[in-house]
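**Q** Got a sequence here, can you model it:
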Amino acid sequence: MSTTPQTNKQSITLAMLRKLIQDLPPAKLARLPVDRLPDHIPEDLVEEAPFYSRNALEGLIMEANAYHLSLRMRLQQAIGDEGINALDSSHHAGTTANIRVFRNKLLELISLRQDIARGDRRPDFSLLAANIKRMNDLLIDVRTEQLDSIRSRDLLRKLTPREEVLQKPVDHAIKRLSQAINSTNQLLGQFFTLRLQLARLEMSRKRTQVESLQEKRETIRLEMQKLSKELQSTTGFLQRTLHRRQTQAQQNKIQTRIIHLASELKNADVPISETDLTLWLDTIVDASLHPQAREFVRELLSQARTALYYLLNQYCMMQEYSAKQIASNPFLQIDPQGAIRYVLKSEEFILLYFARKREQATAWLSNAAQIRMEDLDELEKDLVQALRKSARLIG
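**A** Predicted coordinates for the structure are as follows:
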């Protein structure tokens, strides 16, 4: 049996070994070079082998295990415990349960999107949102594993064992990690692109709903303003003293009408929540920061950002108007503190979002992840400036 290192020869994969076991006679099988064999050979290979080759195969596996154990001990002395851990992580990089589930969910989402595009299925935004949420929940784990792979690869690149035979497994580990990093990067790029497409559809649908009810809301608001002024005029000193009973009845009638209009106005408002806005902003930020996604969907990003600015400004205007109505009509049966709490400017929403994003993103925003914190800062400035311009146009 050959144990002389042959670093210039191609390694024997597990699939190749299975074929050789079936094709080679026992004598040739026993002479396979152990340094080219996989570092882990499953024991069930012996049971799969022809009966006449099993003894030779068992001997070969024992020699291969002894060789790789010796090699590992020499490697540990050469690159240390951290290096060995990084090398071990390369064997399962890109194939963990989290990444497999994420990939399967993405394929399901792509299939669903294609069915909708072909007309085989009606757009079901609640179903799409549920699928997106499941993938969002997995995103932090996928990103964490991606960053771990990048750190392991960077560590191994700094390690250079003096013996050529020890450098070979390090080089193989670096190659496996690079492939896993690229594969996961493509997976994330596909997800960010698809999520952006779906978010843009949802935002467009919301905008259409808002605009379709805009005229009705404006009519109701103007009538409420007119009634509020009438209500104030009935509280004058002369009316209260000379026509008290008539004035009280008139006040009750106006208040009843304002309460009814407030209910109509609430029903005419398209529900836009902070949760929706945050998810849409997440979608735009992730696609903008991902190198592959942002190049692929540059025009789509512009459309999505325009839709977000509109909805964000509308959300803040609605909340501000509700708070003003409560302040001017305290008899409305709404908690004034709860409503006024939402009087926030759209720009403040963006700034608060990015403050939270920096805290959450510390784990994956780094030079190693090919994304710098400066990119996040620049994106924040860009969004705020565009939002101000958008608000002026709407106003």
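
**Q** pLDDT averaged over the lengthiest helix in the chain - what is it?
**A** The residue-count maximum for a helix in the chain (DSSP state H) belongs to helix 164-212. For helix 164-212, the mean per-residue pLDDT is 90.

**Q** Mind checking what secondary structure the closest residue to residue 36 other than its chain neighbours has?
**A** Closest residue in space to residue 36, ignoring its immediate chain neighbours: residue 12 at 4.8 Å, by C-beta to C-beta, 6 or more residues apart in numbering. All C-beta spots, glycine's among them, are computed from the backbone N, C-alpha and C. When classified by DSSP: H, G, I helix; E, B strand; the rest coil, residue 12 comes out as coil.

**Q** shouldn't residue 12 be in contact with residue 29?
**A** No - here residue 12 does not reach residue 29: they are 11.5 Å apart, not a contact under C-beta atoms under 8 Å.

**Q** what sits in contact with each of those two?
**A** Among the neighbours of residue 12, those also in contact with residue 29 (C-beta atoms under 8 Å, 6 or more residues apart in numbering) are residue 20.

**Q** ok, those two, which is more surrounded?
**A** Taking neighbours as other C-beta atoms under 10 Å, residue 12 and residue 29 compare with residue 29 leading, 22 against 18.

**Q** That one sits in which helix or strand?
**A** Taking DSSP states H and E as the criterion, residue 29 maps to helix 26-30.

**Q** what's the spacing between that helix and its chain's center?
**A** Offset of helix 26-30 from its chain centre (C-alpha atoms, centre = their mean, to the nearest Å): 52 Å.

**Q** Run through the protein and note the low-pLDDT ranges.
**A** In the predicted model, the chain carries pLDDT under 70 at residues 1-9, 214-218, 220, 223, 231-247, 258-270, 318-347, 359-374, 387-388, 390-395.

**Q** mind redoing it with 80?
**A** Scanning the chain for pLDDT under 80 picks out the ranges 1-10, 39-40, 43, 120-126, 212-272, 292, 313-380, 382-395.

**Q** hang on, the earlier thing: can you tell me what sits against the following helix or strand past the helix holding residue 29?
**A** Counting by DSSP H and E, the element after helix 26-30 in chain order, helix or strand, is helix 44-48. Applying C-beta under 8 Å, 6+ apart, the contact partners of helix 44-48 are 17-18, 21, 54, 57-58, 61.

**Q** Throw those into JSON lines and include secondary structure, thanks.
**A** Output for the contacts of helix 44-48, formatted as JSON lines (three-state DSSP):
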{"residue": "17", "secondary structure": "helix"}
{"residue": "18", "secondary structure": "helix"}
{"residue": "21", "secondary structure": "helix"}
{"residue": "54", "secondary structure": "helix"}
{"residue": "57", "secondary structure": "helix"}
{"residue": "58", "secondary structure": "helix"}
{"residue": "61", "secondary structure": "helix"}
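
**Q** from the residues you listed, which would you call buried?
**A** Among the contacts of helix 44-48, those buried by neighbour count (16 or more other C-beta atoms under 10 Å) are 17, 21, 54, 57, 61.

**Q** relative to helix 164-212, how tilted is the helix or strand that contains residue 282?
**A** Residue 282 is located in helix 274-289, with elements delineated by DSSP H and E. Helix 274-289 runs at 130 degrees relative to helix 164-212, counting by axes from the mean of the first three to the mean of the last three C-alpha atoms, to 10 degrees.

**Q** Distance of residue 291 relative to residue 188?
**A** 10 Å (C-beta to C-beta, to the nearest Å).

**Q** out of these two, which sits in the more crowded spot?
**A** The neighbour count for residue 291 versus residue 188, taken as other C-beta under 10 Å, is higher for residue 188 (20 against 12).

**Q** Isn't that one up against residue 290?
**A** Yes - at 6.3 Å, residue 188 counts as touching residue 290 under the criterion of C-beta under 8 Å.

**Q** Find residues that contact each of the two.
**A** Going by C-beta under 8 Å, 6+ apart, no residue sits against residue 188 while also sitting against residue 290.

**Q** about what we covered before: pull the distance from the longest helix of the chain to the chain's centre.
**A** 9 Å.

**Q** From the contact counts, what lies against the helix holding residue 282?
**A** Here helix 274-289 touches helix 125-158, helix 164-212, helix 291-296, helix 298-328, helix 346-361, helix 373-394, going by 3 or more C-beta pairs under 8 Å, 6 or more residues apart in numbering; DSSP states H and E.
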